[in-house]
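Colleague: Coordinates for the following, if possible.
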Amino acid sequence: MSDHTVRNVLVNMMWCVPGKVGGSEEYLVRQLLGLAELPEQHWRPTVVVARGMAEAHPELAAAARIIEPGFESRNRVRRILGEATWLRRHSDDAPLVHHGGGTAPVRAHRPYVLTIHDLQFRTYPQYFSRVKRTYLAAVIPPSARRATVVAVPSEYVRDSVVSAYGVAAERVMVVPHGIEPALATDVTAEAELRTRYRLGEGPVLVYPAVTHPHKHHEFLLRMMRDHWTDPELRLVLTGGEGMAEHVVQACTDPRVRRVGRVPAADRNGLLAMAAAMVFPSQYEGFGAPLIEAMTLGAPVVCSDATCMPQIVGDAGLVRPLLPEAWADVPAEVARRRAELVAAGHVRARDFTSRASGAALAAAYARALQLS
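Modeller: Numbering: from 1, shown residues only. Take a look at the predicted model:
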């Protein structure tokens, strides 16, 4: 591609129902915004979205051309039919198509880039319904094998895709999450948050995660019960309701605050004021909150599962999911706060939206080279 060539790419985000698909929504939006930040922008994306996506992300509408199909794509069957018919017709004039949801139509326009966020359904099948597990097992492998390039958020997922589906390693490229540095400017003041969420004056630990089983909220509740017994300590759980919400709701410890989904400024403010962001997840394809917390100045404590040691590196506390390994976390983060905050800020510089956009542009360029 010459320095002055600008090419169109059709990005399929019909699967992305706003507020319903977790971190993959922010992942794709942020990398497309990062693509628009590049000084020499060779790609002009047209993004096909589910209803409500443009309204939920006006910043995306300002950075790319948005198309909302006339049919309702929230229904999986209608979306699949739409991808096979309507989207196929609209793909004919595009030199490249990007399917962002891990699957592609059987007769997908080629070349195409496929984003696979994770392969959690293979590691923890018990956390998926039989219907969804069967669907993913049937469509992801052929989608990955037919893709010209597979984009993944971490080296962990890259290794998983190569191993599971036999995709050539040179066709699987890491496009990491990108976090906007401006995140740190949209922050509710600490005093306001302590009043609003009844946090008292003591240290606050924050876990921003949907209550899905693999997020392992019960581990933190056990830690509060058995080890983190400081009466002034508060554990704040943000995020939507998942399949393990009943576990959190059954907790009677008044020091645990289950606040659910909160405004972005409150979420950012809670991380900025936190003694630590605690992240005991059993499975992540990337774990964007790890970098968000570092950007906002929260010490990070996470499990040693899947990609998390790769993402955090030496910028946080990475520990096995054993109570004895986490027992001293409140004291350790208090003692090392300045060191961990500084290391987190440095680490976060590697994961900006612009860096994510540049990696996406490289994936697009390789797809054309290989086609």
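
Colleague: Every contact and neighbour count from this point should use C-alpha atoms.
Modeller: Noted.

Colleague: Next up, the contacts around Met13.
Modeller: Shown in contact with Met13 (C-alpha atoms under 8 Å, 6 or more residues apart in numbering): 47-50, 99-101.

Colleague: change it to 7 Å
Modeller: Applying C-alpha atoms under 7 Å, 6 or more residues apart in numbering to Met13 gives the contacts 47-50, 100-101.

Colleague: Now distance to Asp118 too, for these, in JSON lines please.
Modeller: Output for those, formatted as JSON lines (distance: C-alpha to C-alpha, whole Å):
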{"residue": "Val47", "distance to Asp118": "22"}
{"residue": "Val48", "distance to Asp118": "22"}
{"residue": "Val49", "distance to Asp118": "21"}
{"residue": "Ala50", "distance to Asp118": "21"}
{"residue": "Gly100", "distance to Asp118": "12"}
{"residue": "Gly101", "distance to Asp118": "10"}
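
Colleague: tell me which of these is nearest to Gly357?
Modeller: Within these, the smallest distance to Gly357 is 14.0 Å, found for Gly100 (C-alpha to C-alpha).

Colleague: hmm, back to that, from the contacts of Met13, which is closest to His57?
Modeller: Within the contacts of Met13, the smallest distance to His57 is 10.8 Å, found for Val49 (C-alpha to C-alpha).

Colleague: what's the closest one sitting at in phi/psi?
Modeller: Main-chain torsions, Val49, degrees, to the nearest 10: phi -120, psi 160.

Colleague: Tell me how many other residues surround it.
Modeller: Look at Val49: counted by other C-alpha atoms under 10 Å, it has 21 neighbours.

Colleague: domain parsing for this protein?
Modeller: Listed domain ranges for the chain are 7-178+352-370, 181-348 (source: automatic domain parsing).

Colleague: Turn those domains into TSV, columns for mean pLDDT.
Modeller: Formatted as TSV, the domains of the chain follow (pLDDT from 0 to 100):
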stretch	mean pLDDT
domain 7-178+352-370	91
domain 181-348	97
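
Colleague: Who does Ser303 form a beta bridge with?
Modeller: Arg319 (DSSP bridges).

Colleague: distance between the ends of stretch 81-101?
Modeller: With C-alpha to C-alpha, to the nearest Å as the measure, the first residue of stretch 81-101 is 15 Å from its last.

Colleague: what's next to that stretch, contact-wise?
Modeller: Stretch 81-101 is contacted from outside by 8-13, 15, 105, 107-116, using C-alpha under 7 Å, 6+ apart.

Colleague: Try it again at 8 Å.
Modeller: By C-alpha under 8 Å, 6+ apart, the residues outside stretch 81-101 that reach it are 7-13, 15-16, 28, 71, 73, 105-117, 364, 367-368.

Colleague: could you flag which of those are buried?
Modeller: 9-13, 15-16, 28, 73, 105, 108-117, 364, 367-368 (16 or more other C-alpha atoms under 10 Å).

Colleague: Out of these, which sit inside helices?
Modeller: Secondary structure assignment by DSSP state H places 28, 364, 367-368 of these in helices.

Colleague: of all these, which comes closest to Thr252?
Modeller: Using C-alpha to C-alpha, Leu28 is the member of these that lies nearest Thr252, at 37.6 Å.
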